[in-house]
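Peer 1: any chance you could fold what I've pasted below:
(chains A and B)
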Amino acid sequence: MLWVDKYRPKTLDQMIVHQDIVQNLKKLVSEQDCPHLLFYGPSGSGKKTLVRALLRQMFGASAEKVKVENKTWKIDAGTRTIEIELTTLSSTHHVEMNPSDAGFQDRYIVQEIIKEMAKNRPIDTKGKKSFKVLVLNEVDKLSREAQHSLRRTMEKYSASCRLILCCNSSSKVTEAIRSRCLNIRINSPPEDEIVKVLEFTAKKEGLTLPAGFAARIAGKTNRSLRRAVLSFETCRVQQYPFSSNQAIPPMDWEEYVSEIVSETMTEQSPKMLFQVRGKLYELLINCIPAEIILKRMLYELLRKLDSELKHEVCHWAAYYEHRMRQGQKAIFHLEAFVAKFMSIYKAFLISTFA
Amino acid sequence: MAPLGQTSQHQPWVEKYRPKQVKDVAHQDEVVRVLTNTLQTSNCPHMLFYGPPGTGKTTTALAVAHQLYGPELYRSRVLELNASDDRGINVVRTKIKGFAAVAVGSTQRQGGYPCPPFKIIILDEADSMTEDAQNALRRTMETYSKVTRFFFICNYISRIIEPLASRCAKFRFKPLSEEVMSSRIQHICNEEGLNLDAEALSTLGSISQGDLRRAITYLQGAARLYGSSITSSDLISVSGVVPVEVVESLFTACKIGNFDLANKEVNNIIAEGYPVSQVLSQVFDLIIESGELSDEQKARISQKLAEADKCLVDGADEYLQLLDAASDTIRALHNMPQEFSYET
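Peer 2: Numbering: from 1, shown residues only, chains lettered A, B, ... in the order given. Alright, predicted model coming up:
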């Protein structure tokens, strides 16, 4: 098992990071009454882990016995019947799902399936809890309509059902939903906390960790805990015992992007653009999301460029990323950004050195 | 609206303290006056309630319906449809029309309720209905006006097509003033045994911006998390408002004019997980109130903030948009030309 999964905390007490949030959540559970919750924060900050631990705190060990169900729902939408396939993860007390998987049909999921689940009162043998929990992931990817549909459901069935929503950016969740939830911001853990987690992992694995090595990993990973643990494991595979100046391997796609960037800076020509296109395709084929490629390119460029060009380049990066979101195919916009950069850079070189 | 009485203690306070009678609705004096009259004469026109969220539109509509019919007849006389129900054109043509067409008898009062001889259809969140569906309603409203009244509820009246709006008596719900809000909050605090100092009360008033539902939700959240005595910083952390220091340090970085410094601040904001749209709106407040900027600078920055906000709504990446806005702010603050120098 990967270390990320192996050492994922199962209960709130085991959490190393987010101590303040953990305390609050415990209080919330002990009050026996909890409002709807909205967890938001960057990826790799521990939202899911917190939700799982919270469920366990609420319902005890039975919340961990989950089964995966793949069910096809038939939904009657007036003139035609729509079939939606949805994978849910459920225990006796909660159901977890990812409603945005249904793409443009997510509205039906909210209107029919979630409503259906919210309506039914939980069958509880001991009668301890009077509500069940629905965990919805990636609510920021839900369409506007689906989010609208969700709001009255949240109010109407609040007596028997609590929603826990997870998302990366709460900007994309409508005001109406945010105002119905208790918002909990999960920040990326600061570097010293990441170091603590790495040290904990090393202790459990029985590894000796040279001083400063954990701090270096933490510094390289952009405050993402998941990535820190993953790259720690990579280092372990690469060389053990660790030496304190051991290189921390960057992700290979990151290296590839930085290669692209240095190429565009050495030569600005249609021929080079053609070469770059091939490399961009290579990245896309390997399932690196386009906006991440663009962001990484910008990151590399900002490191290398003169400060007077930075404003301009960052403007165009934002511009083309926005266009990419509206368009269909990412490659056009990535290429357009590269071409734009080449033209700006060439003009800059000519005006500076000619 | 709890299905069973025993669960009422676990209800959100928003539901628990929802006014049951029209006269209890806060701050909407004209609306209340007209509706009280309606209740006495037990006759009413089609109605359209509009206004910002959390001002009591749904509450009023439900209260009117309850007061007209009482609990027994409510089920058979009132149809409540909201955005969580499918309201495509088909539903309008079948379900709504079917319900509207049924005649009702008996005008005598039952159990102290007026029970007028018509039914009520409440269409909540009517602005999310499609235009086709709204068009299909037009004739239905007129044909069955003898036996059915429609209550439309919406946030934006401009999204209701003109033919529908002109058939209704319009009521605007205004955002709650801080005094009214404070007195409501105080009432809830007394009921729930909470301690709220004056500072926290005014903070709650300002962060909820006239939205009573939001204020109550924040209050409940804070009460759940921090126990019975609540300070204003507790409320801020629950509400998702970005702390003033964060916004100010971003603005200071922009003022210094160092791109890398601003970039670092932006990275920090993203890593802390603050919602960028909220950051943008708070930067906007800061800029508008700032005394040291020229009007032109303010205009330039505001324009950029608006563009970035639009891009965010379209689903663009938060980091890039915030960085772009920050970079433009730097350029405006240092009076750099608006056009880029190397663009061809």
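Peer 1: all contacts plus neighbour counts: C-alpha atoms, from now on.
Peer 2: OK.
Peer 1: count of neighbours near residue 252?
Peer 2: No chain was given, so I picked chain A. Using other C-alpha atoms under 10 Å in any protein chain shown, the number of residues around residue A:252 comes to 9.
Peer 1: oops, I was thinking of chain B
Peer 2: 15.
Peer 1: could you check how far it is from chain A?
Peer 2: Going from residue B:252 to chain A by C-alpha to the nearest C-alpha, to the nearest Å gives 17 Å.
Peer 1: now residue B:253
Peer 2: 14 Å.
Peer 1: so who does residue B:273 touch?
Peer 2: A:40, A:41, A:42, A:169, A:185, A:186, A:187, A:188 (C-alpha atoms under 8 Å, 6 or more residues apart in numbering or on different chains).
Peer 1: go on, residue B:322?
Peer 2: Listed by C-alpha under 8 Å, 6+ apart, the contact set of residue B:322 reads B:266, B:276, B:280, B:308.
Peer 1: of those residues, which is the nearest to chain A?
Peer 2: residue B:276 (6.3 Å; C-alpha to the nearest C-alpha).
Peer 1: who touches the lengthiest strand in chain B?
Peer 2: Ranked by number of residues, the top strand in chain B under DSSP state E is strand B:148-154. The contact list for strand B:148-154 (C-alpha under 8 Å, 6+ apart) reads B:44-51, B:57-58, B:61, B:100-101, B:118-127, B:141.
Peer 1: quick check: what element follows it along the chain?
Peer 2: Using DSSP states H and E, the helix or strand that follows strand B:148-154 in sequence is helix B:162-165.
Peer 1: what's that next one packed up against?
Peer 2: The contact analysis (3 or more C-alpha pairs under 8 Å, 6 or more residues apart in numbering or on different chains; DSSP states H and E) places helix B:162-165 against helix B:131-143.
Peer 1: contacts for the helix it packs on?
Peer 2: Outside of helix B:131-143, the residues within contact range by C-alpha under 8 Å, 6+ apart are B:87-90, B:92-93, B:97, B:100, B:148-150, B:160-161, B:163-164.
Peer 1: what angle separates it from strand B:148-154?
Peer 2: 150 degrees (axes from the mean of the first three to the mean of the last three C-alpha atoms, to 10 degrees).
Peer 1: the strands in the stretch 51-200 of chain B, which residues?
Peer 2: With strands called from DSSP state E, counting those that start in this stretch, the stretch 51-200 of chain B shows them at B:78-81, B:119-123, B:148-154, B:169-172, B:195-196.
Peer 1: got JSON lines for the ones you listed, with mean pLDDT and mean neighbour count too?
Peer 2: Converted to JSON lines, these look like this (pLDDT from 0 to 100; neighbours: other C-alpha atoms under 10 Å in any protein chain shown):
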{"stretch": "strand B:78-81", "mean pLDDT": "87", "mean neighbour count": "18"}
{"stretch": "strand B:119-123", "mean pLDDT": "89", "mean neighbour count": "23"}
{"stretch": "strand B:148-154", "mean pLDDT": "91", "mean neighbour count": "24"}
{"stretch": "strand B:169-172", "mean pLDDT": "90", "mean neighbour count": "16"}
{"stretch": "strand B:195-196", "mean pLDDT": "83", "mean neighbour count": "17"}
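Peer 1: quick one: residues contacting residue B:202.
Peer 2: Residue B:202 touches B:178, B:182, counting by C-alpha under 8 Å, 6+ apart.
Peer 1: may I see the buried residues of the helix or strand hosting it?
Peer 2: Here residue B:202 sits within helix B:198-208, counting by DSSP H and E. Of all the residues in helix B:198-208, those buried under the rule 16 or more other C-alpha atoms under 10 Å in any protein chain shown are B:200, B:201, B:203, B:204, B:205, B:207, B:208.
Peer 1: now the closest residue in space to residue B:206 that isn't next to it in sequence: how far from chain A?
Peer 2: Leaving aside its chain neighbours, residue B:206 sits nearest to residue B:178 (7.8 Å; criterion: C-alpha to C-alpha, 6 or more residues apart in numbering or on different chains). Using C-alpha to the nearest C-alpha, we find residue B:178 at a distance of 18 Å from chain A.
Peer 1: looking at the chain, which helix or strand is least sure?
Peer 2: In the absence of a named chain, this looks at chain A. helix A:115-119 (a mean of 77; mean pLDDT, DSSP states H and E).
Peer 1: should've been chain B
Peer 2: For chain B, judged by mean pLDDT, DSSP H and E, that is helix B:89-91, with a mean of 78.
Peer 1: what pLDDT does residue A:296 get?
Peer 2: pLDDT for residue A:296: 92.
Peer 1: CA atoms of whichever strand or helix holds it as CSV?
Peer 2: For residue A:296, the host element (DSSP H and E) is helix A:290-304. These are the backbone C-alpha positions of helix A:290-304, laid out as CSV (Å, rounded to 0.1, in the frame of the first residue of the first chain):
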residue,chain,number,x,y,z
ALA,A,290,-4.1,21.5,-19.4
GLU,A,291,-4.5,24.2,-16.8
ILE,A,292,-1.8,22.6,-14.7
ILE,A,293,0.6,22.6,-17.7
LEU,A,294,-0.2,26.3,-18.3
LYS,A,295,0.3,27.2,-14.7
ARG,A,296,3.6,25.3,-14.6
MET,A,297,4.8,27.0,-17.7
LEU,A,298,4.0,30.4,-16.2
TYR,A,299,5.8,29.4,-13.0
GLU,A,300,8.9,28.5,-15.0
LEU,A,301,8.7,31.6,-17.1
LEU,A,302,8.3,33.9,-14.0
ARG,A,303,11.5,32.4,-12.6
LYS,A,304,13.5,33.2,-15.7
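Peer 1: for it, which helices and strands make contact with it?
Peer 2: helix A:252-266, helix A:307-326, helix A:330-353.
Peer 1: could I have the shortest one exported to CSV, CA atoms only?
Peer 2: If I follow you right, that is helix A:252-266. The C-alpha trace of helix A:252-266 is given here as CSV (Å, rounded to 0.1, in the frame of the first residue of the first chain):
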residue,chain,number,x,y,z
ASP,A,252,8.9,14.1,-14.6
TRP,A,253,6.3,16.1,-16.2
GLU,A,254,7.5,19.2,-14.4
GLU,A,255,10.9,18.6,-15.9
TYR,A,256,9.4,18.2,-19.3
VAL,A,257,7.6,21.5,-19.0
SER,A,258,10.7,23.3,-17.9
GLU,A,259,12.4,21.8,-21.0
ILE,A,260,9.7,23.3,-23.2
VAL,A,261,10.1,26.7,-21.6
SER,A,262,13.8,26.8,-22.0
GLU,A,263,13.4,25.8,-25.6
THR,A,264,11.0,28.6,-26.3
MET,A,265,13.3,31.0,-24.7
THR,A,266,16.3,30.0,-26.9
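Peer 1: can you pull out the strands in the stretch 151-300 of chain A?
Peer 2: A:161-167, A:182-185.
Peer 1: which among the ones you listed is found nearest to residue B:237?
Peer 2: For residue B:237, the closest of the strands of the stretch 151-300 of chain A is strand A:182-185, at 8.3 Å, according to C-alpha to C-alpha.
Peer 1: quick check: the two most widely separated of the contacts of residue B:273?
Peer 2: Pairwise distances across the contacts of residue B:273 (C-alpha to C-alpha) peak at 13.0 Å, for the pair A:169 and A:188.
Peer 1: list residues touching both of those two?
Peer 2: A:41, A:42, B:273.
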